[in-house]
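Colleague: no FASTA, just this:
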């Protein structure tokens, strides 16, 4: 089953190898989930050296984005804005998200992936693991502190909600709101989520 | 085509009439969208008096929830928590959302509706119009002020993101976070969104 394309003994070309790696990766991500797939196991099945995967795709999340045919890879976008002062992190994240999703090509592909994650259980599991490990996990590392992953998760849910209402469901006035205004409105809320409320609810009175 | 069930001349019973109204309403909501459907036009097609629809379902959004077989109707849940001091609105909204979605029966039905809204264009349109008119619109009325609907929309997107990540995609640590902790973490962010940042971005410097 491996290396069918080498049937005539011709050594694989660069494009052919890349496509072969992607085909294996796509199938394994979808059947096994993001966490369990290793670069090494994909290399073995594709009959190539693991170093070649790193060469082509850089990292597991790079390979993931390529295998899912995402022209914009959410974990990579996040990785690009995590460095820099913490104070500016909310704005860097919101601007990066809006820039990618406002782009017709990249936004369209991401929209298709988001829809798939909501109806296909395999894609949902992939999305979940990617979100937990590569997004909430990375933001939490950058924040530090005992409840960092809980603060990061609430912030991530705000971004997810913005994406779903503005780009997937096209709810107004979010869908047509100018980028700068949206940044100005989202940043204070993200800042509040990232600052965290600890585990003390503001108000424990029973509901009226 | 109307009133097929009356074929033998028997006057419709209460249950029969109710089912008949729901069948008409469901089809028309899905084909025409939330905004264009009127209680009067459904009454006419179902061959009943419009007052009977009000009697059974209370309002257009009550009819909508029943027609979509939603055991918990988001606009009604919101309507129940809008009265009361503005200061406590974020907490009332978050608690109401969590209470309904944490309930296995009601949450399950809403989850199915949310998934449908993301793949079926007709359901998406219904969801969009309902969200704009019955949720963002109602919160905006309660808030008042020039940019009320924009502040309400950002707050609504936070709630939507919480729902999608916690209940639809089951992303941790949101999926298992205790209610009180989630309320404590969401409320400050919602408060910030509802307070609004005006239209002045905090920072207009070009991205690094």
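Modeller: Nice, thanks for sending it over. The shown structure was predicted, so the numbers you read here are calculated from the model rather than taken from an experiment.
Colleague: which parts of chain A are helices?
Modeller: With DSSP state H as the criterion, chain A has helices at A:14-32, A:39-46, A:50-57, A:60-67, A:74-81, A:89-102, A:104-119, A:121-130, A:137-143, A:148-163, A:179-195.
Colleague: ok, residues contacting the first one?
Modeller: For helix A:14-32, contacts defined as C-beta atoms under 8 Å, 6 or more residues apart in numbering or on different chains pick out A:3, A:5, A:12, A:37, A:41-43, A:45-48, A:52-53, A:56-57, A:63-64, A:66-68, A:122-123, A:126. C-beta coordinates here come from the backbone N, C-alpha and C atoms, glycine included.
Colleague: and that helix, how far out from the chain middle?
Modeller: Put simply, helix A:14-32 sits 18 Å off its chain's centre (C-alpha atoms, centre = their mean, to the nearest Å).
Colleague: can you check stretch A:67-87 too?
Modeller: 7 Å.
Colleague: what of stretch A:164-175?
Modeller: 19 Å.
Colleague: looking at the helices of chain A, which is buried most?
Modeller: Compared across those, helix A:148-163 shows the largest average neighbour count, a mean of 25 (mean count of other C-beta atoms under 10 Å in any protein chain shown).
Colleague: from residue B:90, how far off is residue A:88?
Modeller: In this view, residue A:88 and residue B:90 are 26 Å apart by C-beta to C-beta, to the nearest Å.
Colleague: same question for residue A:109.
Modeller: Going from residue A:109 to residue B:90 by C-beta to C-beta gives 35 Å.
Colleague: contacts only, for the residue nearest to the spatial centre of chain A.
Modeller: Per C-alpha atoms, centre = their mean, the C-alpha nearest to the average position across chain A is that of residue A:74, at 3.3 Å. Neighbour list for residue A:74: A:65, A:110, A:130, A:134-135 [criterion: C-beta under 8 Å, 6+ apart].
Colleague: give me the pLDDT value at it.
Modeller: The confidence metric pLDDT takes the value 82 at residue A:74.
Colleague: now swap in residue A:5 and tell me
Modeller: 43.
Colleague: same question, the one 4 residues further on
Modeller: Taken from the predicted model, the pLDDT recorded for residue A:9 is 45.
Colleague: before we move on, what about the one 5 residues further on?
Modeller: On the pLDDT scale, residue A:14 is placed at 67.
Colleague: same deal with the one 5 residues further on?
Modeller: Note on residue A:19: pLDDT of 85.
Colleague: same question for the one 10 residues further on.
Modeller: Per-residue confidence (pLDDT) for residue A:29: 78.
Colleague: tell me how far it lies from residue A:15.
Modeller: Distance from residue A:29 to residue A:15, by C-beta to C-beta: 21 Å.
Colleague: for chain B, what's the nearest residue on chain A?
Modeller: Closest residue of chain A to chain B, C-beta to the nearest C-beta: residue A:161 (2.4 Å).
Colleague: if we ignore the residues flanking it in sequence, what's nearest that residue?
Modeller: Once flanking residues are discounted, residue A:161 sits nearest to residue B:161: 2.4 Å by C-beta to C-beta, 6 or more residues apart in numbering or on different chains.
Colleague: show me the contacts for that neighbour.
Modeller: Residue B:161 touches A:156-164, counting by C-beta under 8 Å, 6+ apart.
Colleague: how far off helix A:74-81 does the helix or strand bottoming out on mean pLDDT in chain A point, in degrees?
Modeller: Least confident helix or strand, chain A: helix A:104-119 with a mean of 79, by mean pLDDT, DSSP states H and E. If you take axes from the mean of the first three to the mean of the last three C-alpha atoms, to 10 degrees, helix A:104-119 sits at 120 degrees to helix A:74-81.
Colleague: what about helix A:104-119, near chain B?
Modeller: Yes - interface with chain B: helix A:104-119 contributes A:114-115, A:117-119 (C-beta under 8 Å from any C-beta of the partner chain).
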